[in-house]
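In: Sharing a model prediction with you, sequence too.
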Amino acid sequence: MCARLAARLLANGDGVFLHLDAKCDDSFRATFEQELGPASAQIHWVDRVAVEWGGWSMIEATLSGLRAIRQAQERSRFDIVYLLSGADYPTRSIESLRGFLARHPDRDFIESKPADSVPWVAGGFQRERYEYRHWLSWRKHPRLFSLNAQVQKRLGLKRRLPEGLVPHIGSQWWVLRWSTCERVLEATESNPALVRFFRTTVVPDELFFQTLVASWLPREKVEDRHLTLYEFTEEGVPVVYHDGHEDTLVKQPFFFARKLSPRAAGLRDALDRNLESGPSNPAGDLQDARVGERSSDYADFVRQHRIGLWGQRCWGRPGISALGELERLKAPYFVVLGPGPARLSPVRGALADRDDWLVHGELFDREAPVALEPSIAAATGYPPDAHAIRDQDRPGFLADIIRCSTEKARYTGWMLRLARPWEAPASDETWALLRLLATDPNCQFLHVAPHAAHRRLLQRLDRECPTHLGMQRRAGWVRVHPRRRQHTGDAWFAALKTALDERRGVCERRFHALQRPGPPPRLTLHIGIHRTGTTAVQKALHDARSDLAARGVHYAFETVNHNFVASCVQQGERTAKSVVQQLIEEGLDSGQPHVLVSAENLAGLRDPVALWDLQRHFDVRVLAYLRRQDHWLESWYNQAIRWPWNAELSRLDPDAFYRRVRRFHWLDYRALHQRWSAVFGSEKVQFRWFENARSGLLQDFVEAAGLPEGVLQPKSLEVNASASPRMTEALRHLDLVSRPDGERSRLIMAVRSAFDGASWPSPRYAFSPAQRRRLLERHRRSNNWVAREILDQPPTRFQEDLPGWDRTLPDLSLPSREDLLRALGSAFLAPWLNALPKAAEHTELPDDQEQRLLDLLQEADRRKRGGYAAPDAGASGGSQERKRELHRALGVGSLAGPERDFADRVLSNWSLRSDVPDQLPPTPEGLLAQWFGPLSSECEALLAIGLTAQHVDRNRVEDRLRSLEQSIGLAPVQSRSRENTPR
Amino acid sequence: MASLAARLRQAPGLLARRLDWRVKEPVHMLQRRLQAWKHGRDLRGAQDRTDRIRAGDVLLFCCLRNEAIRIPAFLDYYRRLGVAHFLFVDNGSGDGFLADMTAEEDVSVWTTTSSYREANYGMHWLNHLLARFGRDHWCVTCDPDEFLVFPHCDRRDLVELGAFLDGERQRSLNCLMLDMYSAVPVEEAGYAAGQDPLEVSNRFDPLGYSQVDGLLRDIYTRGGVRRRVFFHDVPEQAPALNKTPFVKWRWSYSYFTSMHQLVPCWLNHPHEPERNHTTGVLLHFKYFGLLRDKAAEEMNRGEHWNDSFEYRRYHDSLERESLHLDHPGGATFQGWRQLVDLGLMNLGRWF
């Protein structure tokens, strides 16, 4: 094939200087000359060098060619030297090249990028190519090669280029004027230092000529573009062109292409034909300015085929999550869920009659035939008795069915029978399938069930399948009442259709986003760390969601924060891959140029490499705020008590908490930075100093994340403010971890107002100075590094106002029990009383039913706790006494109206409890844990009755009562309450 | 008690199955090398033209028995794809295969009459030859009824594919095996020597394949016509359809079970998480008129996998009624592009 290239060049009267590798055996030359025929006499054979890839010998071979040209200059005159390889071939006529060069006289065409600023080498080993000395071949001794580079890097043995040369890098294949070549040749002969230097660089063929030419000649004489088309794969190997590539080669504005497969005779024929075809030759309309611009054909091809075709199956990729093949499916479908054929078949009938709807029967019954639509059964080859094949790979089976069905109809779905799904055992196959489908974003459910049943199912799914929250809950279920279907008319049908259209829209938007050219959208990951105002920032972002969207920023998902991203991965609920996939889709879906994700739990990821895939689709930036470790720990202890996520940590005193400090591994800020920059690159990771930003955190965040100015409204940062250490100590004894969110916040409110009212003094820190100092000492080196390298501040930034080595623990003891009873008692009921009117609004049930519901719920609560004295036994003397005492402390006497009722009822319930001691507990801790703890539960239980009634459908309250009665299983309670309540 | 004893007996095997491939890999590699060396001694050179092999040639290794009728088309197809030398192991054919081959310049043949089953269904013999002749060559290893299809195979050949995979730092091409059948019943699909098998059976199942992660990092694939017709009641017993027939050989490599699995295990894994590599398809022409005789013979010999369970199934089906494999959902083979569009084959980055 070399002969063919040579023949083409000779035919135009050009001189051809040919270097044959010294390793090549002599038969090659014989074959070459035989192929070329008599014209071979015109070839100038160059002195041979044994060429080694990426070694100096490449340059030696080129220089040997230049020497041969110098000798030949005596006989004929050559003006331009075009360096080609045997695998190149002209894509345009030599005349058009001549014309182009004539239009650009006095120019050298050599790709030359400044090597220390422009990244040109894929994989990043660029400056190292010349900064260190390389004596070994990378191909032959890869390990020794990198060891050598590593050692020099460690020792800091960087070197400078000789003679003030500026390193430039670019393609090996250049077009130079003879005068330039001559100058290079002379320099190599007269300046051994130059040769010595480049002899120990890696791939000097991409460095030597580029550096010399760009350093010697004025910028306007050197054209930084290449006239030979080349492209590299991600592995750093040239892309090879084959038969059939003529179109993409010809349409690109280059004169030669490399490299062509040696066996691609057809491609060479086609290129020849194209040149001969004359007027239609596109070389005619070549725009000089565009020469050297590659088309994106190859890049587009690679992107399209990166993980298989869109929506199509892909052999060799079993799904990464339990969704299996369904993961690759990009078409919506629906599942009709109902308790039996009586409920399902009317729906199926109603849907099957419509055009464009294709509805299968029950596909997953254990015994009954697989009820596929006959046309689909034929097309997929799944017979009615395909139970075994179906169960072998359920997602695969479903994906086949749905792919086939969506070709025939726009909307497709099937029936799933499951009676009382909220009660199905976890091992039930159908329940497992339902759980799986609930995580599929393409699955739309239609639930044929009454409201109560529907709610119970959703509750169970939310509980057992957290992914469901992110997927289905967002898009919503469609519910149809089994008996009232005829009354609701087509409303359910319209809802189903809209939901399916929406899901299809999402799929299509996603597809277009993947196809969209241009720079990738920016993704800012706000990774905390905890206790640096993250909640305030997240709230502000969440509130400004629509403003942000209007200005090109998408605050991801619809939740206030995105900690589920980290939690899902850490808790093993889902694989990192599937979470990342969800993130990618969410980001691309929005179509916005900037996507924002804020999850402080991400800082806790030990290995963020799971998020690496994000880079394929986004320009990822990582943003974190830092806080001095002792301040952070103080705040974190507070959080562990006030907002407990871990039962163990929430009960520890500061000293014990400090002993567990090592588990907060993100406190080593240097390691944190290295972890994240290893994945996303250090220039993408931004750390900021929380204490600096504290006053204007939101403004600082806007600046750091690159948000549009003024989009976040300045608000109070006290969304999640810390409590004082002494108050924290009080809260610690109230066992907040076992209380629901509402009760916890009311309880904290009560304690806070008691402490504020009494204005008890509190030490500033919960930890001793020695503990705080020790923590800082442990992180001193890391902190200094971060301050110097990242925050660009003096290392003393972390050392200002250092605590001493005093080991005495701060005095956190609580006030005396009498003081506590007085202060807490007077403030205790207020939060519940404030919430009462809101709860009462919803308790407009008929009197008898309300009373019954009340009694039943109380009874249920007692049974659950098992800690009550028998209600009929009458209150003992002791309990009366404690009731009186608390009555005084709470100031019930001064209350009136419903508030008085509430307080009375709470007190009487409280006094019935057997787990409350009769005497005032001897310690303040005991008072909190044994008296106020249960009191809070009672307040909440009573309030909950009001709040629960809010959700009870008044018409369905009978149902609810009956089920409650059953769950308690007590006939006497029922009859007694009936007797007691007036009708 | 009996069942307990049986379970105890099976326990080591089950435990070994559960072991991670990282543990098993070195054991398997050593074991297969030793077995190849042991069983390689059974081979007798009948026609040795291996001196014609040049560096960079693509070689083809194949083990056969009474398949002479398929060979002309087979040689023709692979020569066109750029195979430079064929290395056959003849396991006691009685149909004059050796005599046919004397005229072929690019064919070497070894013969043996030892047990096919004991030689791990021929794999020990092939591993022996591969280690001897295949080192640093791209090697095709397949049965005489398997025809390799890869992206662009109409305009590019195996040498170019090998060069591309070298550039990708891949040393193997993973394939899905596609069972081909005819539009007419099996008995009526007659095949004459030298005929292009695609003329006789050009239909295949475009869907109905299930894939899971295999034990040695392979993609354990089952499905197609075999699962649909012969194993629809016991789909978990359906034969594996993933093969790795194109490998740049090293002395330390071995085929483990048929061509389905190789050691070291990374050769079995087609794709990386974030991007696809190129894969191919093996067209498998088994369901001809030839099947009836083959099934009868192999069933009685019991030399095939699982005591020729598969052949017994074929035999039963053929005995019962006319065996019609076609169905309305089948597709007619139109070329490699069709397989890419169906997702059965991947282009990877082969531009």
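Out: Nice, thanks for sending it over.

In: pull the longest helix from chain B.
Out: As assigned by DSSP state H, the longest helix anywhere in chain B is helix B:21-40.

In: Specify the angle between the helix or strand of chain B with the lowest mean pLDDT and helix B:21-40 in degrees.
Out: Of all helical and strand segments in chain B, the minimum by mean pLDDT, DSSP states H and E falls on helix B:2-18, at a mean of 76. Computed with axes from the mean of the first three to the mean of the last three C-alpha atoms, to 10 degrees, the direction of helix B:2-18 lies at 100 degrees from that of helix B:21-40.

In: rewinding a little: what's the mean pLDDT across the longest helix of chain B?
Out: Averaged across helix B:21-40, pLDDT comes to 93.

In: What is it packed up against?
Out: In terms of contacts (3 or more C-beta pairs under 8 Å, 6 or more residues apart in numbering or on different chains; DSSP states H and E), helix B:21-40 is packed against helix B:123-133, strand B:254-257, strand B:261-263. Every residue, glycine included, has its C-beta placed from N, CA and C.

In: And these: which comes nearest chain A?
Out: Checking those against chain A by C-beta to the nearest C-beta gives strand B:261-263 as the closest, at 14.4 Å.

In: After that closest one, which helix or strand is next? Please name it.
Out: Later in the chain than strand B:261-263, the nearest helix or strand by DSSP states H and E is strand B:280-284.

In: so what's residue B:39 closest to, chain neighbours aside?
Out: Nearest residue to residue B:39, sequence neighbours excluded (C-beta to C-beta, 6 or more residues apart in numbering or on different chains): residue B:124, at 3.6 Å.

In: what about residue A:119, neighbour count?
Out: Residues lying near residue A:119 (other C-beta atoms under 10 Å in any protein chain shown) number 12.

In: For it, which non-adjacent residue is spatially closest?
Out: Distances taken as C-beta to C-beta, 6+ apart put residue A:126 closest to residue A:119, at 6.4 Å, once the chain neighbours are dropped.

In: Would you quantify the distance from that neighbour to chain B?
Out: Look at residue A:126 and chain B: by C-beta to the nearest C-beta, to the nearest Å, they are 21 Å apart.

In: Do I have it right that that residue meets residue A:113?
Out: No - counting by C-beta atoms under 8 Å, residue A:126 stays clear of residue A:113, with 9.6 Å between them.

In: Between those two, which contacts overlap?
Out: Residues touching both residue A:126 and residue A:113 (C-beta atoms under 8 Å, 6 or more residues apart in numbering or on different chains): A:120, A:169.

In: rewinding a little: list the buried residues of the helix or strand following the longest helix of chain B.
Out: Per DSSP H and E, the first helix or strand lying C-terminal to helix B:21-40 is strand B:44-47. Buried residues in strand B:44-47, defined by neighbour count with 16 or more other C-beta atoms under 10 Å in any protein chain shown: B:46, B:47.

In: Give me the secondary structure label for residue A:557.
Out: coil (DSSP: H, G, I helix; E, B strand; the rest coil).

In: Excluding chain neighbours, what is closest to it?
Out: Computed as C-beta to C-beta, 6+ apart, the closest residue to residue A:557 that is not its neighbour in sequence is residue A:586, at 6.1 Å.

In: ranges for the helices of the stretch 651-800 of chain A?
Out: For the stretch 651-800 of chain A, the helices defined by DSSP state H, counting those that start in this stretch cover A:654-659, A:669-680, A:690-693, A:697-705, A:725-732, A:741-758, A:769-778, A:780-785.

In: what comes into contact with the fourth one?
Out: Under the criterion C-beta under 8 Å, 6+ apart, residues A:524, A:526, A:533, A:536-537, A:540, A:596, A:621, A:623, A:686, A:688, A:690, A:692-693, A:707-715, A:717 lie in contact with helix A:697-705.

In: Strands - which of the residues you listed land there?
Out: Mapping the contacts of helix A:697-705 onto strands (DSSP state E) picks out A:524, A:526, A:596, A:621, A:623, A:686, A:688.
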